[in-house]
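[1] need a structure here:
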Amino acid sequence: MQDELLTIGPFARMCRLSVKQLRHYDEIGLLTPARVDAGSGYRYYAPEQARDALTIALLREMDLPLAVISQALAAEPERRAQILRAERDRLAERISRDQARLEMLERLAEGGLPGYEVTISREPERRLAVVRAVCTPVEIGDKVEECVGRLLPVLGKTEIVWEPPLWGLYPLDLEERMEIAVGVQTPQEEGLPGLEFEVLPGGLVAETMHIGPYAQLPLAYSALFATLHERGLRPQAPVREAYLVGPAEAPQEELMTRLIIPVQESMA
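    Numbering: from 1, shown residues only. Below you'll find the model as predicted:
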């Protein structure tokens, strides 16, 4: 059996990894050598361990937690494939968001803030069935998806009548721990398990339309708050986003989001 094993140097060469990396994987319990010589301490690896070594290296470069990597390596082939495909999908989503941010940086570098048409109008009162979550600013996208995943099944099971679009509710100022909500407009009067109801008062609002990836929404918010500042209008919480065209309906560059900020009406 020993004749079939590889010492750490040739095994590292086979995997296109460094000896230092393989030693580290052994030390943290991710990839244990097939055999360790009791006298010399030499590590020996089986050729078929190359797949695990390459998987670990790739997942570590993707900044996956050690716990997830360990779970994948310990799983049966079918389950391992599911875990790896889920991480692949998360990586693809992250790449998409990063691409949108790069495009936003390019727009800022070329000519400053892009133009948005901001209008002052009146918004009717809306009664929303909502689910809530607490998150940090960087978690907003994931938490919104999580809220949608909780909201829609409840609506489907209870056959609540609701009017598109989906709405997102956010605080005026982003904080390290903040509450957000996702909801739909409905005439439903009674509460249901897993749902709360929130009434958004009607009144004066500033609004604009954003077409493009959600990662570029800060550009639209900048235009909105700049207009409020210029006109001496005081914003009120919650900030509202109406998702008129969502990811299931169009590619990222064609998403359509209506941004609405209530403003305090003059007492005069």
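[2] And the pLDDT for the residue nearest to Pro33 when sequence neighbours are not counted?
    In this structure, Pro33 finds its nearest non-sequential neighbour in Arg43, 3.9 Å apart by C-beta to C-beta, 6 or more residues apart in numbering. All C-beta spots, glycine's among them, are computed from the backbone N, C-alpha and C. Arg43 is assigned 91 on the pLDDT scale.
[3] biggest helix in this protein, by residue count?
    helix 77-111 (DSSP state H).
[4] any chance you could map the strands in this protein?
    Using DSSP state E, the strands of the chain run over 6-7, 35-36, 43-45, 119-123, 126-135, 163-170, 178-185, 196-200, 203-211, 239-245, 256-262.
[5] Quick one, which of the ones you listed gets closest to Ile83.
    Nearest of the strands of the chain to Ile83, taken as C-beta to C-beta: strand 43-45 at 23.1 Å.
[6] Show me how far that closest one is from its chain's centre.
    Its chain's C-alpha centre and that of strand 43-45 lie 40 Å apart, by C-alpha atoms, centre = their mean, to the nearest Å.
[7] next one: stretch 204-221
    18 Å.
[8] Show me which residues of it are buried.
    Of all the residues in stretch 204-221, those buried under the rule 16 or more other C-beta atoms under 10 Å are 205-208, 210, 212-217, 219-221.
[9] State the mean pLDDT of that stretch.
    Mean predicted confidence for stretch 204-221 is 90.
[10] okay, that stretch in PDB with CA atoms only?
    The C-alpha trace of stretch 204-221 is given here as PDB (Å, rounded to 0.1, in the frame of the first residue of the first chain):
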ATOM      1  CA  LEU A 204     -46.500  63.700   0.500                       C
ATOM      2  CA  VAL A 205     -43.600  61.700  -0.900                       C
ATOM      3  CA  ALA A 206     -40.500  62.100  -3.000                       C
ATOM      4  CA  GLU A 207     -40.000  59.300  -5.500                       C
ATOM      5  CA  THR A 208     -37.800  58.200  -8.400                       C
ATOM      6  CA  MET A 209     -37.500  55.200 -10.600                       C
ATOM      7  CA  HIS A 210     -34.400  53.000 -10.700                       C
ATOM      8  CA  ILE A 211     -33.800  50.700 -13.600                       C
ATOM      9  CA  GLY A 212     -30.900  48.300 -13.200                       C
ATOM     10  CA  PRO A 213     -29.300  46.000 -10.500                       C
ATOM     11  CA  TYR A 214     -30.200  46.400  -6.900                       C
ATOM     12  CA  ALA A 215     -26.500  47.000  -6.100                       C
ATOM     13  CA  GLN A 216     -26.800  50.300  -7.900                       C
ATOM     14  CA  LEU A 217     -29.800  51.500  -5.800                       C
ATOM     15  CA  PRO A 218     -27.500  53.800  -3.700                       C
ATOM     16  CA  LEU A 219     -27.200  56.100  -6.800                       C
ATOM     17  CA  ALA A 220     -31.000  56.600  -6.800                       C
ATOM     18  CA  TYR A 221     -31.100  57.100  -3.000                       C
END
